[in-house]
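Colleague: sequence plus predicted model, see below.
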Amino acid sequence: MSNDEASAVVQTRLEEGEYERLRRVATENDLSLQDALRKAVREYVNRHGKHDPDDPFFSEPSKDPTADPSITAKKADQYLY
């Protein structure tokens with residue numbers, strides 16, 4: 001992640017044992033602490049977060065006969081790939 005991207009700095013405290021385990025796992029996986037923490041946050045949010053109900057991906061297909069039905073497939077491809 002470059003500093004040019006929109007981002008937020010998050011600061012927290014870890015117990016010494018937690019920090020050492022994080023540092024060890026990051027080192028074993030050839031990750032910086034920042035990358036390891038970002039990965040941990042993503043995994044936590046993916047596991048515990050709920051989908052955005054306003055996301056059109058989760059809405060019913062349009063009943064409009066002039067609507068392009070391929071849009072849903074294109075959006076699904078963007079999410080998946």
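Modeller: Yep, that arrived. Numbers count the residues shown, from 1 in each chain.

Colleague: just checking, what packs against the helix or strand encompassing residue 36?
Modeller: Counting by DSSP states H and E, the element that carries residue 36 is helix 33-48. Applying 3 or more C-beta pairs under 8 Å, 6 or more residues apart in numbering; DSSP states H and E, one finds that helix 33-48 contacts helix 16-28. C-beta coordinates here come from the backbone N, C-alpha and C atoms, glycine included.

Colleague: quick one: buried residues of the helix it packs on?
Modeller: Under the neighbour-count criterion of 16 or more other C-beta atoms under 10 Å, helix 16-28 has 22, 26 buried.

Colleague: give me the mean pLDDT for it.
Modeller: Per-residue pLDDT over helix 16-28 has a mean of 97.

Colleague: who does that helix touch, helix- and strand-wise?
Modeller: helix 33-48.

Colleague: that older thread, off-centre distance for the helix holding residue 36?
Modeller: On the basis of C-alpha atoms, centre = their mean, to the nearest Å, helix 33-48 is displaced by 8 Å from the centre of the chain it belongs to.
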